[in-house]
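*Asks:* One predicted model, sequence on top.
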Amino acid sequence: MSMRSTLLASSLVWACCAALLSGCSDDEETPGNPPPSELEGEWKFGTISFTNFYGDQGQYVGNAGTVAVYFDFDKNGKFKQQIYIGQRNYGCLTQVWTEMEGTATFTSTTFTTHPSKGRYKTSDNCTSANNIDRSMTDKEREDRNVLYTWKFGKFEENPEDTKTYLMISQDQGEYWNYFLRP
């Protein structure tokens, strides 16, 4: 074998190794698959506490708490999710936002989220040390690979509600959250 052939073969081997190893990144997304067509698009869920607080001069301060969750599923198997939790206690308001995006894998009754990026933000008007705004760590994103059960149905606790909801559960149907289109 000539020197030129040896160099060419050696270069080809190194190029193949580099191509194979470049596919081993920890940052790669889990491949998603398209959602069932009825799931595609935006969905929202939220609750507000019936407990309200008033200041010592009678001014309205706010409700005790609220939760809001938003999903967006695109036709290519990508998802976005935002979660907001607000809690008021003794004049203090703590707010927590979580944002994630990545891929999702779907079946006819479940989907699993696989975040490739995410962010946490908290705001506390009484304890400034609780105020943060940061990206999720790799471990936190891994922990948010969540299996959800889904179905369409009526709000079982209010038979007078005639709307059909996207019902999503994180505990295989023991407790449902009722989502609507925005």
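*Replies:* Cool, the structure landed. Numbers count the residues shown, from 1 in each chain.
*Asks:* before we move on, what SS does residue 140 have?
*Replies:* Using DSSP: H, G, I helix; E, B strand; the rest coil, the structure places residue 140 in helix.
*Asks:* Could you find the closest non-adjacent residue to it?
*Replies:* Spatial nearest neighbour of residue 140, chain neighbours left out: residue 118 (6.9 Å); criterion: C-beta to C-beta, 6 or more residues apart in numbering. (C-beta placed from N, C-alpha, C; glycine too.)
*Asks:* mind listing the helices in this structure by residue range?
*Replies:* Applying DSSP state H to the chain gives helices spanning 3-22, 138-143.
*Asks:* Tell me which stretches of the chain form strands.
*Replies:* With DSSP state E as the criterion, the chain has strands at 41-48, 52-54, 60-63, 65-73, 78-89, 92-106, 110-124, 132-135, 147-153, 165-169, 177-179.
*Asks:* what's the least confident stretch among the helices of the chain?
*Replies:* Ranked by mean pLDDT, those bottom out at helix 3-22, with a mean of 33.
*Asks:* On the pLDDT front, check residue 133 for me.
*Replies:* So residue 133 comes in at 98 (pLDDT).
*Asks:* Surely it and residue 98 touch.
*Replies:* No. Contact criterion C-beta atoms under 8 Å: residue 133 and residue 98 do not qualify, at 11.7 Å.
*Asks:* who touches both of those two?
*Replies:* Jointly contacting residue 133 and residue 98 under the rule C-beta atoms under 8 Å, 6 or more residues apart in numbering are 119, 120.
*Asks:* Check the burial of the closest residue in space to residue 74 that isn't next to it in sequence by counting its neighbours.
*Replies:* Leaving out its chain neighbours, the residue that sits closest to residue 74 by C-beta to C-beta, 6+ apart is residue 40, at 7.0 Å. By the measure other C-beta atoms under 10 Å, the count of residues near residue 40 is 15.
*Asks:* ditto for residue 86
*Replies:* The burial count for residue 86: 19, using other C-beta under 10 Å.
*Asks:* returning to that earlier point: the strands of the chain: which one's closest to residue 32?
*Replies:* Across those, residue 32 has its closest neighbour in strand 92-106 (3.1 Å, C-beta to C-beta).
*Asks:* Show me what that closest one packs onto, helices and strands only.
*Replies:* strand 78-89, strand 110-124 (3 or more C-beta pairs under 8 Å, 6 or more residues apart in numbering; DSSP states H and E).
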